[in-house]
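Enquirer: Any chance you could fold what I've pasted below:
(2 chains)
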Protein chains: 2
Amino acid sequence: MTLRNNFHKKCFNKGDIRPFVVEGHQVGLIKSDVLKQLVKYPEVFCIRDCEQTKQGLVELNPAFRDYNERTEQLEKVLRDLRSNGLFPALQGWRDEYFEVKSEHRALLKMERAATPLFGVRKYGVDINGYVRHPTQGLCIWLQQRSNTKETWPGKWDNMVGGGLSVGFGIKETAIKEAAEEASIPKDLVKNLVSAGCVSFYFESRQGLFPNTEYVFDLELPLDFIPHNADGEVQAFELLPAKECVERLFTPDFKTTSAPVVIDFLIRHGHITADDVVDFTQIVELLHVPLQSLYTYKSRMEHAQKQNKKILCSEDKNCNCAKPLENGGIKSRHN
Amino acid sequence: MTLRNNFHKKCFNKGDIRPFVVEGHQVGLIKSDVLKQLVKYPEVFCIRDCEQTKQGLVELNPAFRDYNERTEQLEKVLRDLRSNGLFPALQGWRDEYFEVKSEHRALLKMERAATPLFGVRKYGVDINGYVRHPTQGLCIWLQQRSNTKETWPGKWDNMVGGGLSVGFGIKETAIKEAAEEASIPKDLVKNLVSAGCVSFYFESRQGLFPNTEYVFDLELPLDFIPHNADGEVQAFELLPAKECVERLFTPDFKTTSAPVVIDFLIRHGHITADDVVDFTQIVELLHVPLQSLYTYKSRMEHAQKQNKKILCSEDKNCNCAKPLENGGIKSRHN
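Expert: Below is the predicted model:
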């Protein structure tokens, strides 16, 4: 399957990618083309080698005091980069924010269009709308994206999908998108079933896409026909599972939506281990451990412990209390 | 969740583990305690550093001609190790074979009880038997393993589960186990739905468990009660989803079966991203990319290419035709 090869290659090809660190937490990945531009803003980005891990990293100036200052300082740079016209990603500027978080804390918000440049993990929701047809069996509703959309215009896509935005819950986002994109009424959307998530890593001219999609299944009655309410969809089509698999592997299908449909077909018994040789690998690739790309903090702490041990064994009077990692940043900014 | 911590730690702690290579394909992982014993059989195992990757590896003697010779030679060693009584795993000898394969080819068969010592990827099937109860909602059938079973005696487990054996298909195994373990009749088992697989990596006193379980869902009528036919189960119990989650995290539940139940509860909307903070990481950990532990062949080929490039740049007359990896084994066996 082309999917396996595409994702496999792209997932493990990290090349010269540096962690993007905010307040000690790795929140992104920076490629060399972006790095080249960020060095021009030394008051905002500190580009250095970590003293503990010896690894190159890009850090948002830790002198910024809070969520708002970090957001504003970063946004100034983004607007500047946008006006320079160097990055196609920024031409899709949406005036829509994405919240950048550490494990449990919001650190700043960033214009959505800029997130691929910073390799920020993105989260979205997708709804697999399906029908159990009396003669055709399992059938799946697909949408065709509007030709005027900034990303993937005209491509076939899941019935409903959208990014998570600041202030909205996951199921809440799914319900909102179901109404906007496919006019699904409340009495039907109440049957939404949360069904897990798929995670994949994708690289393009626009940047890096370490994406996680929360997936929902929605069984629909035979006589329901979705229609678009927000102008972002030009058509809907109901396809038997088998035809859906065929369309999935054409260039007319949005690449980053294919994993969601494949996951659906696997969970519902339409792609099985007895039929597909690489079944196990495909399932593993639908759930790439993206967390393993964002481990700067734990690697740093590990290196710190190791270095402490070495120092202690060298210096018998060491009391192990002095901090070893103070960032070494002041010297670059003073 | 304890699950996350347990699996996460164990999955990334590879320590001093060597690839086990048969006919150029990595089929297993050898820990140092096993290595110490294998060095005593130099006519069967070649323990060396790969010339290309410089990594230590354990290779089954490549002079063995075919499937049968490899099987017989390995089995002699296993019987010898068993009689020495060094490995608890071998005390559970079953006279049941597991087929060791490269990506698309069977290489040898190995006594099932020995597979954890060689870190061979194991494959099994599991059936989530469930009921949609009119008042209690989704309920799940669990089995309690017989007290006389060699592994996990007396523990709670999925309704039906079993290892894949030589000559049986995946769904075929599920149907066979459904009849043996829970007496599920043909007219019910025809509703089996293939629902994907979970992959996890687990280490214990018995050895290494890089396991993949193919999962099936089976909705059962309210009035059906499973009963055991092969003496391997001492009880069955139907639990509402919520109580099932609680039991899962007690020591009474078979650790290696918990991922299957968690995957089921996630796919059916009973563990959701809005409720559980680490949801994405849990889903990723249910699908550990085990393939990344068995990459000796591709790393070797990559190193070979790199070395060729270096040699070519050093020697301008090089025609790049001579093989660089011939195993260097003869010298050890002649």
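
Enquirer: so A:E23 touches A:S102, yeah?
Expert: Yes. Contact status for A:E23 versus A:S102: in contact at 7.0 Å, counting by Cβ atoms under 8 Å. C-betas here are computed from N, CA, C, even on glycine.

Enquirer: tell me which residues in stretch A:103-123 are buried?
Expert: A:107-123 (16 or more other Cβ atoms under 10 Å in any protein chain shown).

Enquirer: again with stretch A:154-166
Expert: Judged by neighbour count (16+ other Cβ under 10 Å), stretch A:154-166 contains these buried residues: A:K155, A:W156, A:D157, A:N158, A:M159, A:V160, A:G161, A:G162, A:G163, A:L164, A:S165.

Enquirer: now, which of the buried residues of stretch A:103-123 lie close to chain B?
Expert: Contacts with chain B within the buried residues of stretch A:103-123, counted by Cβ under 8 Å from any Cβ of the partner chain: A:Y123.

Enquirer: that's a helix at A:V261, yeah?
Expert: Yes. The assignment for A:V261, made by DSSP: H, G, I helix; E, B strand; the rest coil, places it in a helix.

Enquirer: burial count for it?
Expert: 26 (other Cβ atoms under 10 Å in any protein chain shown).

Enquirer: How about it: what's its closest non-neighbour residue?
Expert: Excluding its sequence neighbours, the residue lying closest to A:V261 (Cβ to Cβ, 6 or more residues apart in numbering or on different chains) is A:L248, at 5.6 Å.

Enquirer: neighbours of the one you found, just the number please.
Expert: By other Cβ under 10 Å, 23 other residues sit near A:L248.

Enquirer: thought it was touching A:P259?
Expert: No. The criterion here is Cβ under 8 Å, and A:L248 misses it with A:P259 at 9.8 Å.

Enquirer: okay, now the domains of chain A?
Expert: Residue ranges for the domains of chain A, per automatic domain parsing: A:16-119, A:122-289.

Enquirer: Could you pull up the mean pLDDT of the first one?
Expert: The pLDDT scores in domain A:16-119 average 92.

Enquirer: same thing with the last one?
Expert: Summarised as a single mean, pLDDT over domain A:122-289 is 94.

Enquirer: and it, how far from the chain's centre?
Expert: With Cα atoms, centre = their mean, to the nearest Å as the basis, domain A:122-289 stands 15 Å off its chain's centre.

Enquirer: cool, and stretch A:73-80?
Expert: Per Cα atoms, centre = their mean, the centroid offset for stretch A:73-80 relative to its chain is 21 Å.

Enquirer: Tell me which residues of that stretch come out buried.
Expert: Neighbour-count burial for stretch A:73-80, counted by 16+ other Cβ under 10 Å, picks out A:Q73, A:L74, A:E75, A:V77, A:L78.

Enquirer: Which residues are in contact with the residue in chain A positioned nearest to chain B?
Expert: The minimum distance from chain A to chain B, using Cβ to the nearest Cβ, falls at A:H287 (3.5 Å). Neighbouring residues of A:H287 by Cβ atoms under 8 Å, 6 or more residues apart in numbering or on different chains: A:V198, A:S199, B:V283, B:E284, B:L286, B:H287.

Enquirer: closest to A:L220 among those residues?
Expert: For the contacts of A:H287, the closest approach to A:L220 (Cβ to Cβ) belongs to A:V198, at 21.4 Å.

Enquirer: Contacts only, for that closest one.
Expert: Contacts of A:V198 (Cβ under 8 Å, 6+ apart): A:T212, A:E213, A:V215, A:P259, A:V260, A:D263, A:L286, A:H287.

Enquirer: residues in the stretch 151-300 of chain A within reach of chain B, list them.
Expert: A:169-171, A:193-197, A:199, A:212, A:214, A:263, A:266-269, A:272-274, A:277, A:279-281, A:283-292.

Enquirer: From those residues, which land in helices?
Expert: Those of these mapping onto helices are A:I170, A:K171, A:D263, A:I266, A:R267, A:F279, A:T280, A:Q281, A:V283, A:E284, A:L285, per DSSP state H.

Enquirer: what about the helices in the stretch 1-150 of chain A?
Expert: In the stretch 1-150 of chain A, the helices defined using DSSP state H, counting those that start in this stretch lie at A:2-12, A:32-38, A:67-84.

Enquirer: List the contacts of the last one.
Expert: For helix A:67-84, the external contacting residues (Cβ under 8 Å, 6+ apart) are A:22, A:37-38, A:41, A:44-45, A:60-61, A:64, A:87, A:90-91, A:93, A:106-111, A:114.

Enquirer: before we move on, what about stretch A:140-149?
Expert: Where contact means Cβ under 8 Å, 6+ apart, the residues beyond stretch A:140-149 that reach it are A:128-131, A:152-160, A:181-182, A:220, A:226, A:228, A:231-241, A:244, A:247, A:254, A:261, A:264.

Enquirer: and it, C-alpha only, in PDB?
Expert: The C-alpha trace of stretch A:140-149 is given here as PDB (Å, rounded to 0.1, in the frame of the first residue of the first chain):
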ATOM      1  CA  ILE A 140     -19.600   5.800   3.800                       C
ATOM      2  CA  TRP A 141     -20.400   9.500   3.300                       C
ATOM      3  CA  LEU A 142     -17.500  11.500   1.800                       C
ATOM      4  CA  GLN A 143     -17.400  15.200   1.200                       C
ATOM      5  CA  GLN A 144     -15.700  17.000  -1.700                       C
ATOM      6  CA  ARG A 145     -13.900  20.100  -0.400                       C
ATOM      7  CA  SER A 146     -14.800  23.400  -1.900                       C
ATOM      8  CA  ASN A 147     -12.500  24.600  -4.800                       C
ATOM      9  CA  THR A 148     -11.900  27.900  -2.900                       C
ATOM     10  CA  LYS A 149     -10.500  26.300   0.300                       C
END
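
Enquirer: buried residues in that stretch?
Expert: For stretch A:140-149, the neighbour count (16+ other Cβ under 10 Å) marks A:I140, A:W141, A:L142, A:Q143, A:Q144, A:R145, A:K149 as buried.

Enquirer: what do you get for stretch A:32-52?
Expert: Buried positions in stretch A:32-52, judged by neighbour count with 16+ other Cβ under 10 Å: A:V34, A:L35, A:Q37, A:L38, A:Y41, A:V44, A:F45, A:C46, A:I47, A:C50, A:Q52.

Enquirer: possible to save those as JSON lines with distance to chain B?
Expert: JSON lines is the format used below for the buried residues of stretch A:32-52 (distance: Cβ to the nearest Cβ, whole Å):
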{"residue": "A:V34", "distance to chain B": "25"}
{"residue": "A:L35", "distance to chain B": "25"}
{"residue": "A:Q37", "distance to chain B": "30"}
{"residue": "A:L38", "distance to chain B": "28"}
{"residue": "A:Y41", "distance to chain B": "31"}
{"residue": "A:V44", "distance to chain B": "29"}
{"residue": "A:F45", "distance to chain B": "27"}
{"residue": "A:C46", "distance to chain B": "29"}
{"residue": "A:I47", "distance to chain B": "28"}
{"residue": "A:C50", "distance to chain B": "20"}
{"residue": "A:Q52", "distance to chain B": "19"}
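
Enquirer: And the furthest pair within those?
Expert: So, the buried residues of stretch A:32-52 by Cβ to Cβ: farthest apart are A:Q37 and A:Q52, at 26.8 Å.

Enquirer: got the contact list for the spatially closest residue to A:Q143 that is not a sequence neighbour?
Expert: Spatial nearest neighbour of A:Q143, excluding adjacent residues (Cβ to Cβ, 6+ apart): A:V233 at 4.7 Å. Residues near A:V233 by Cβ under 8 Å, 6+ apart: A:Q143, A:Q144, A:R145, A:S146, A:E181, A:A182.

Enquirer: if I look at A:E243, how far off is B:P134?
Expert: 36 Å (Cβ to Cβ, to the nearest Å).

Enquirer: Neighbour count: the two, which is higher?
Expert: Ranked by neighbour count (other Cβ under 10 Å), A:E243 and B:P134 place A:E243 first, with 15 against 7.

Enquirer: Endpoints of stretch A:125-139, how far apart?
Expert: Counting by Cα to Cα, to the nearest Å, you get 20 Å between the two ends of stretch A:125-139.
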